[in-house]
Each structure stands twice: as structure tokens, then as C-alpha cells.
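A.B. asks: here is a sequence with its predicted model. Questions after.
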Amino acid sequence: MTRKAILTIDGKSIELPILQGSCGPEVIDIRNLHQETGLFSYDPGFTSTASCASAITYIDGDKGILLYRGYPVQQLVDNCDFLDTAYLLIHGEIPGVSEKEKFERSISSHTMVHEQLRSFFQGFRRDAHPMAIMVGIVGALSAFYHDSLDIDDVEQREIATHRLIAKMPTIAAMAFNYCRGRPLPYPQNGLSYAQNFLKMMFSLPSESYQVNPIVARAIDRIFILHADHEQNASTSTVRLAGSSRANPFACIASGIAALWGPAHGGANEAVLAMLRQIGTKDKIPEFIEKAKNKNDPFRLMGFGHRVYKNYDPRARIMRKSCHEVLEQLGIHDPLLEIAIELEKIALEDPYFIEKKLYPNVDFYSGIIFSALEIPPSMFTVIFSVARTVGWVAQWNEMMADPAQKIGRPRQLYLGHPERKFMRPS
Ligand code: SDX
């Protein structure tokens with residue numbers, strides 16, 4: 001028996017079905033609202049809107065729970081690597097030995113980019129932000145891989161999916177090296193996904209390079225934690241682009257663009273700048289007051305979340321990993337002490353308690369990245385490498401839905417009613 005919501009407007013009532021998922025909030029199905037009432041719903045920022053049905057990732061913001069296909073993210077960090085997680089998000093199950101080997105072989109066969117794409121980098125200034133390069137080069141993949149642009153062909157969708165997962169680390173490492181005037185690297189298959197990425201990032205033709213297993217494990221864990229996160233801004237961008245039947249490379253390029261914003265994936269870079277701006281523990285109260293001041297645009301970067309009104313489970317894992325990695329690498333980073341003190345003071349402050357503002361995934365990631373000798377400009381790039389897995393999983397889920405249609409929201413119009421043309425004298 002479907003429960004119903006009754007909406008009464010000017011004495012006329014309509015019934016709206018209430019749909020129930022496998023867990024989490026139910027939804028009111030308003031697909032017929034405009035047809036039956038002539039009215040639109042109004043929800044700027046989509047604070048109360050479910051844009052789609054999905055089986056991929058579940059978040060309970062009040063309890064601080066994050067599940068990938070039902071598995072708590074901590075269990076995946078403890079028992080899997082990033083490609084296990086990629087397979088899980090895309091196919092819905094943890095891969096067995098043979099599925100994993102086949103998946104890894106396919107990904108490895110796509111890690112290089114077309115040789116002509118390498119010349120695209122020459123068009124960028126050396127001081128370009130690497131995210132600008134990522135948006136440009138990933139979008140340009142559409143100009144090269146014509147055998148995986150037919151979005152109605154399941155096989156071509158799979159090839160495009162594997163190409164994107166495989167090429168993102170290569171393009172990211174190429175961007176990193178291009179901006180430093182170093183030769184553009186080539187992947188070395190046979191290494192793990194994280195090892196290959198680190199080798200492409202840091203190895204030089206003139207030196208032998210051994211991947212530090214501690215660093216590789218840390219990067220793999222960071223990739224897992226950033227892989228997917230329900231219908232966040234960049235994933236919603238990928239879905240909306242995909243709903244117009246744009247090719248997968250263009251859709252992922254749009255996701256990279258949306259992720260770049262400091263309110264979203266760009267926050268990790270902003271957190272490190274903020275910690276450096278604070279500089280010393282005694283300055284923390286001054287910045288906490290700035291963050292609380294409505295007339296001051298300053299916000300505590302890495303704090304707060306649209307969904308989590310509890311500690312972001314990813315931040316908890318990142319914080320533990322921070323301590324482990326810095327200890328294992330024998331690094332003492334004063335910014336970590338500032339971050340821990342800042343978190344402590346903020347979490348005891350009535351403003352943050354009342355507004356349920358907790359550290360999010362971006363709060364500690366910058367400190368780990370710095371320990372891994374990754375510069376701030378690459379933080380969001382690494383986020384985009386990991387999130388590509390979530391974007392392609394969500395894109396595939398949408399493209400496999402026979403009911404899929406173009407996303408086309410309406411508006412509350414506040415402009416001029418119709419008026420007669422008249423040129424001012
Ligand atoms: C990511 O959606 C996802 O899932 C994203 C993500 C993912 O994996 O895809 O989790 C990744 O983007 C994490 C968030 C990274 N961004 C930051 O750390 C930037 C700092 N945080 C804020 O800008 C903010 O918290 C957002 C953007 C994250 C969430 O904003 P909302 O949900 O629109 O909340 P809001 O801006 O309406 O804030 C509610 C209140 C406001 O005060 P009032 O107007 O009610 O008085 O809390 C205040 C805000 O001023 N507030 C903050 C704050 N965040 C919110 N005050 C100080 N510092 C902050 N960081």
C-alpha cells in the first residue's frame with residue numbers, strides 16, 4: 001500500500017505518492033505536481049530534493065555513515081584497494097579474483113593517452129592551475145576516442161568508463177610535470193594504480209625511482225575515501241550533462257569543472273591556505289570569530305557539510321591516517337597541530353555545535369598530501385582522479401535507466417512581465 005501526501009491548494013486537494021527506498025528518508029513523488037496544479041516546487045540549492053533514484057552510495061548525515069553499495073567505507077579502506085572499490089561502485093559487488101584480474105588488465109590497457117594529446121599540453125602556460133589543464137584535456141578525449149562515444153552501446157560505455165578511470169592518473173601526472181617544465185611521464189603497467197600514479201608524478205628520466213609503500217598505501221586510501229558521495233554538486237553536474245546525451249568524456253570534464261570550486265572539491269587546497277594564514281595556535285580564536293561573523297566572508301574551510309550534521313566518517317579516517325603517515329615518514333608538520341587545535345576549539349564552540357558544523361573530508365587531506373610532497377594545486381586534481389570512479393558509476397547507472405530523460409528544471413520568475421519596446425531618449 002503506497003502512502004500518500006495530500007496537498008491542498010485553494011480548497012483543491014491532490015494526492016502525491018510517498019516512495020520508500022531501501023534505507024534513508026522517503027520521498028514525495030512530485031513528478032505530476034505541475035501537471036495537476038500548474039505550480040512548480042521551489043528548492044534552490046536542492047536542500048530538500050532527491051534528483052534521482054540510485055543504488056550506489058548511501059549517506060546518513062545525522063549518524064555520520066557512508067556506505068558504498070552497502071559496505072561501510074572503513075571496511076573498504078581496511079580490506080580493499082582502489083580498483084576493488086571502483087569495480088564495486090560500477091558493478092555493485094566486490095570483485096572475485098578472476099573479475100579483479102580482468103578488470104585490472106582492462107584498466108592497464110588504457111593507461112596511456114593518444115600521443116597527439118601530449119601536444120595539447122604545450123598550449124597551456126606553465127603557471128596554469130592543473131585543474132584548468134584537467135578540464136581541457138579530459139574534454140579533449142572526446143576528439144580521440146570515437147570508438148567509445150556511442151552512449152547507447154553498452155560495450156562502448158564500458159570502454160569509455162575504463163578509459164576514463166585509466167587515463168585520469170596519467171593526465172594528472174602529466175599536468176603536474178608540465179607545470180614544472182619536466183618531461184610528460186608515461187605509465188608503467190604492472191604497478192598498482194596508486195604506485196603507477198606516484199611513479200608518473202615523481203620519477204625523472206635521469207633518476208631511478210622506488211615508490212614508497214607507505215605513500216602508495218596512503219594515496220590508495222585517499223582515492224577510496226574520495227571515490228563517490230551520492231548526488232554532490234559535481235556528480236549532479238555529470239548526471240545533468242549526461243542527461244542531454246553528451247559523450248562520457250564531456251560529462252566527466254563538466255564534473256571536474258564543478259569539483260574545482262572551493263565550496264566543493266577545491267576546499268582541500270583552501271584548508272591548507274587557511275591553516276598557513278592562521279599560522280600559530282594563538283591566532284585560532286581570532287579566526288574562529290571571523291568564521292562566525294556574518295559580515296565576514298571568511299569560513300572555516302574543511303568544516304561544515306550539506307549532508308553530514310555529524311563527523312564526516314572520511315575525515316575521521318583521514319585524521320587517523322594523517323597521524324600514521326606523518327609518524328611513519330618521520331615528519332613533524334606544525335600545521336597538523338594547528339588543525340587538531342582548531343578542530344578542538346571549533347567543536348566546543350556553541351556556534352559550530354548549534355549549526356552542526358564538523359570537519360569534512362577536506363579538513364585533513366591537505367596535511368597528508370603535503371607530507372606526500374604533493375603541492376596544494378594538485379589536491380583537487382587528486383580528488384578528481386578518485387571521484388572519476390563515482391562519476392562514471394553514477395553516469396552508467398543513469399544511462400542504463402530506460403526512463404532516463406533530459407534534466408530541465410524550471411524557475412520562479414522575478415523579471416519584467418511582457419512590455420512594449422521603447423528606446424530611452
Ligand atoms: C565537499 O556534497 C558533498 O557530498 C561534497 C563532498 C563530496 O565528497 O562530494 O563531501 C566534498 O565538497 C566537502 C565540503 C567542502 N567545502 C568546504 O569545506 C567549504 C566550507 N564549508 C561551507 O562552505 C559549507 O559548509 C558547505 C558549502 C560545505 C555546505 O554549505 P550549505 O549546506 O549550503 O550550508 P550553509 O552554507 O547554508 O551553512 C549553514 C550555516 C550558515 O549559517 P546561517 O546562514 O544559517 O547563519 O552554517 C554556516 C553558514 O554561514 N556555515 C559555516 C561554515 N559552513 C557553514 N560557518 C563557518 N564556517 C563554515 N565552514
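C.D. replies: Right, received. Where do you want to start?

A.B. asks: CA atoms for contacts and neighbours, from now on please.
C.D. replies: Will do.

A.B. asks: and the residue nearest to Gly302 when sequence neighbours are not counted, what's its pLDDT?
C.D. replies: Closest residue to Gly302 in three dimensions, ignoring its sequence neighbours and counting by C-alpha to C-alpha, 6 or more residues apart in numbering: Phe363, at 4.1 Å. pLDDT, the model's per-residue confidence, is 92 for Phe363.

A.B. asks: Pro187 now?
C.D. replies: In the prediction, the pLDDT value recorded for Pro187 is 98.

A.B. asks: tell me how many other residues crowd the residue nearest to Gly302.
C.D. replies: Other residues within reach of Phe363, judged by other C-alpha atoms under 10 Å, total 30.

A.B. asks: isn't there a strand covering it?
C.D. replies: No: assessed with DSSP: H, G, I helix; E, B strand; the rest coil, Phe363 is helix; it does not lie in a strand.

A.B. asks: relative to Asn79, how far out is it?
C.D. replies: Phe363 sits 24 Å away from Asn79, going by C-alpha to C-alpha, to the nearest Å.

A.B. asks: ok, Ala233 next?
C.D. replies: In this structure, Ala233 and Asn79 are 29 Å apart, going by C-alpha to C-alpha.

A.B. asks: the two - which one has more neighbours?
C.D. replies: Ala233 (19 against 10).

A.B. asks: and Thr8, what element?
C.D. replies: Using DSSP states H and E, Thr8 sits within strand 4-9.

A.B. asks: number of nearby residues for the residue nearest to Ile18 when sequence neighbours are not counted?
C.D. replies: The shortest distance from Ile18 to any residue that is not its chain neighbour, by C-alpha to C-alpha, 6+ apart, is 4.5 Å, and that residue is Ile28. Counted with other C-alpha under 10 Å, residues neighbouring Ile28 total 17.

A.B. asks: ok, Leu272 next?
C.D. replies: Neighbours around Leu272, by other C-alpha under 10 Å: 26.

A.B. asks: confidence score at it?
C.D. replies: The predicted structure scores Leu272 at 93 on the pLDDT scale.

A.B. asks: and for Leu372?
C.D. replies: As summarised for this prediction, Leu372 has a pLDDT of 89.

A.B. asks: neighbours of it, how many?
C.D. replies: 20.

A.B. asks: swap in Leu275?
C.D. replies: Counted with other C-alpha under 10 Å, the neighbours of Leu275 add up to 24.

A.B. asks: do the helix or strand containing it and the ligand meet at all?
C.D. replies: When elements are defined using DSSP H and E, Leu275 is found to belong to helix 267-278. Yes: with C-alpha under 6 Å from any ligand atom as the criterion, the ligand is reached by helix 267-278 at Ala267.

A.B. asks: dump that helix to CSV, restricted to CA.
C.D. replies: What follows is helix 267-278, C-alpha atoms only, in CSV (Å, rounded to 0.1, in the frame of the first residue of the first chain):
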residue,chain,number,x,y,z
ALA,A,267,38.2,23.1,-0.2
ASN,A,268,41.2,20.9,0.4
GLU,A,269,43.5,23.4,-1.2
ALA,A,270,41.7,26.2,0.7
VAL,A,271,42.2,24.4,4.0
LEU,A,272,45.9,24.4,3.8
ALA,A,273,46.0,28.1,2.8
MET,A,274,43.7,28.8,5.8
LEU,A,275,46.0,26.8,8.2
ARG,A,276,49.0,28.7,6.9
GLN,A,277,47.1,32.0,7.2
ILE,A,278,46.3,31.1,10.9
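
A.B. asks: so how far is it off the chain centroid?
C.D. replies: 19 Å (C-alpha atoms, centre = their mean, to the nearest Å).

A.B. asks: with stretch 361-376 instead?
C.D. replies: Here stretch 361-376 is found 16 Å from its chain centre; the criterion is C-alpha atoms, centre = their mean.

A.B. asks: can you list the residues that contact that stretch?
C.D. replies: Stretch 361-376 is contacted from outside by 215, 222, 265, 267-269, 271-272, 301-303, 312-315, 318-319, 321-322, 325-326, 329, 331, 333, 335-336, 339, 379, using C-alpha atoms under 8 Å, 6 or more residues apart in numbering.

A.B. asks: in it, what counts as buried?
C.D. replies: By neighbour count, with 16 or more other C-alpha atoms under 10 Å as the criterion, the buried positions of stretch 361-376 are 361-369, 371-372, 374, 376.

A.B. asks: so which bits of the stretch 151-300 of the chain are right by the ligand?
C.D. replies: Proximity of the stretch 151-300 of the chain to the ligand (C-alpha under 6 Å from any ligand atom) is limited to residues 229, 232-233, 263-265, 267, 291-292, 299-300.

A.B. asks: on that earlier part again, between the buried residues of stretch 361-376, which sits nearest Phe46?
C.D. replies: Looking at the buried residues of stretch 361-376 and their distance to Phe46, the nearest is Val361, at 21.0 Å (C-alpha to C-alpha).

A.B. asks: about what we covered before: tell me the two of the residues of the stretch 151-300 of the chain next to the ligand that are most distant?
C.D. replies: Using C-alpha to C-alpha, these span at most 27.4 Å, a distance reached by His229 and Lys292.

A.B. asks: please read off the pLDDT at Pro130 from the model.
C.D. replies: With respect to pLDDT, Pro130 scores 98.

A.B. asks: now Pro95: how far from Val385?
C.D. replies: 21 Å.

A.B. asks: of these two, who's got more company?
C.D. replies: For Pro95 versus Val385, the count of surrounding residues by other C-alpha under 10 Å is larger for Val385: 25 against 18.

A.B. asks: can you say which helix or strand has the more buried one in it?
C.D. replies: Remark: Val385 resides in helix 379-399, with elements defined by DSSP H and E.
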